[in-house]
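Colleague: Provided below are the primary sequence and the corresponding predicted coordinates.
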Amino acid sequence: MPQLNPAPWLSTMVLVWLSLGVMHQKVKLFQNIYPTTMCCGAPRPPWPWPW
Amino acid sequence: MIPNLFEIFATPYLLKVPLMWLAVMAPAMIIFSPSQHLVTGRYILLKKWTMKQFIKQIMSPLPTHGYKWAALFTALMITLTSINMISLLPHTFTPTAQLALTMALAFPLWLATVVIGLLKKTTRSLAHFLPEGSPTPLIPALVVVETISLLIRPMALGVRLAANLTAGHLLLQLMALAVIHLPTPMWPATVAVATTLMLLTILEVAVGLIQAYVFVLLLSLYLQENI
C-alpha cells in the first residue's frame, strides 16, 4: 500500500508555510476591518449590548 | 525495558494520516477567524491592543519602507506562540520541536533578509563583514569570522527554537514519569517532584512565549541590518 506521506519533512515545510500564509492573510484582514486606534476603539453601541 | 523518551516527539498517525498536519494548521484555522460583529468588543480590543504593542516593539527600529514586513512578523509570532501553547496541553504533539518546521521557517526568512540587503544596499550589506574600527592585521580573519557568523544564523535560529522546546518537553516527560512510577512509601518525594513539575510547566509556558518572540525579534534585527 503506498505511503500517504513519503517525505514527512517536505510536507511539514509546505504545511508550515501554508499555515503562515493563512495567518498572514487573516492578520491583514483584521487590520483592514479593525484599524488600530490610539485609544479605546469605537464607542459602545446602544443597549442591548451583546456582551 | 528502558522506555524511549523521544517517542513523544514522533509524529502520531491516525489511519495513516500524520497528525502533524493538523497540529501545524490548527492555529491558522482557529485564531483570527472572521467575526459576525463589526462593532469592537472586549475580545477584539484585546487582540488589537496586543497586535499594536507587538508591532510597535518590533517595527520601531526599522525604517518606514520596512513596515511591509509587519503583517508577516505578526503572523509568525502568533503562529509560533499558539503552536507552542497548544503543545503544552497533555497528550498533544510539539510541531516546533521538529527541525523540519523551524528550519523551514528560519532559512527562507533569513535568506530573504540577506538577498534584500544585497540587492538594495549592496555596499552597506557587504560592509557588515568587517566591524568598524577593526585593527588592520586582523581584517582577513575578521572577514572570515563574520562570514561564518552570517552563514550560521539560520541554523542557530532554527535549532534554538527546536532545542528549547525539545529540552523543556523532555524534562516535563521525565518528571511526569517519576511522579507516576515512584512507589507509595516515597510520597514526600512524589509531592516534591509533582510541585517541581507544576513549576516547570509554568516555566515552559514562559519559554514557549519567549522563544517565539526571540525568533521574530532576531529576524527583525537581521532585516534591520539589510534594509
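Modeller: Structure received.
Colleague: please make it C-alpha for all contacts and neighbour counts, starting now.
Modeller: Noted.
Colleague: residue contacts, B:Tyr13?
Modeller: Contact partners of B:Tyr13, counting by Cα atoms under 8 Å, 6 or more residues apart in numbering or on different chains, are B:Leu19.
Colleague: ok, what's across the strand from it?
Modeller: Note on B:Tyr13: beta-bridge partners by DSSP bridges are B:Pro18.
Colleague: look up how far B:Val24 lies from it.
Modeller: 14 Å (Cα to Cα, to the nearest Å).
Colleague: same check, this time on A:Leu10
Modeller: Distance, A:Leu10 to B:Val24, by Cα to Cα: 13 Å.
Colleague: then A:Gly21?
Modeller: From A:Gly21 across to B:Val24, the span is 12 Å (Cα to Cα).
Colleague: same question, B:Ile86
Modeller: B:Ile86 is 10 Å from B:Val24, where distance means Cα to Cα.
Colleague: which SS class is B:His91?
Modeller: The local conformation at B:His91, judged by DSSP: H, G, I helix; E, B strand; the rest coil, is coil.
Colleague: tally of neighbours for it?
Modeller: By the criterion of other Cα atoms under 10 Å in any protein chain shown, B:His91 has 8 neighbours.
Colleague: more neighbours: A:Leu10 and B:Val24, which one.
Modeller: Here A:Leu10 and B:Val24 are compared on neighbour count by other Cα under 10 Å; more neighbours surround B:Val24, at 27 against 13.
Colleague: skipping its backbone neighbours, what lies nearest that one in space?
Modeller: A:Val16 (6.1 Å; Cα to Cα, 6 or more residues apart in numbering or on different chains).
Colleague: how about whichever strand or helix holds that neighbour: buried residues?
Modeller: Assigned by DSSP states H and E, A:Val16 belongs to helix A:8-33. Using 16 or more other Cα atoms under 10 Å in any protein chain shown as the test for burial, helix A:8-33 gives A:11-13, A:15-17, A:19-28, A:30.
Colleague: does the residue lying closest to B:Val205 once chain neighbours are set aside lie in a helix or a strand, and which?
Modeller: In space, and not counting its chain neighbours, B:Val205 is closest to B:Met85: 6.7 Å by Cα to Cα, 6+ apart. Here B:Met85, judged by DSSP H and E, is contained in helix B:70-86.
Colleague: what about chain B, any weak spots by pLDDT?
Modeller: Applying pLDDT under 70 to chain B flags residues B:1-3, B:34-38.
Colleague: ok, B:Val115 - how many residues close by?
Modeller: Count around B:Val115 with other Cα under 10 Å applied: 15.
Colleague: repeat for B:Leu177
Modeller: Residue neighbour count, defined by other Cα under 10 Å, stands at 12 for B:Leu177.
Colleague: what kind of secondary structure is it in?
Modeller: Following three-state DSSP, we place B:Leu177 in the helix state.
Colleague: and it, what does it touch?
Modeller: Applying Cα under 8 Å, 6+ apart to B:Leu177 gives no contacts.
Colleague: so which bits of chain B are right by chain A?
Modeller: Selection of chain B residues close to chain A by Cα under 8 Å from any Cα of the partner chain yields B:16-18, B:20-21, B:24-25, B:27-28, B:32-33, B:38-41, B:45, B:48-49, B:52, B:71-72, B:74-76, B:79, B:100-101, B:104-105.
Colleague: change it to 6 Å
Modeller: Residues of chain B lying close to chain A (Cα under 6 Å from any Cα of the partner chain) are B:25, B:28, B:72, B:75, B:100-101, B:104.
Colleague: what's the following helix or strand after the host helix or strand of B:Leu171?
Modeller: Here B:Leu171 sits within helix B:139-181, counting by DSSP H and E. Using DSSP H and E, the helix or strand that directly follows helix B:139-181 along the chain is helix B:187-226.
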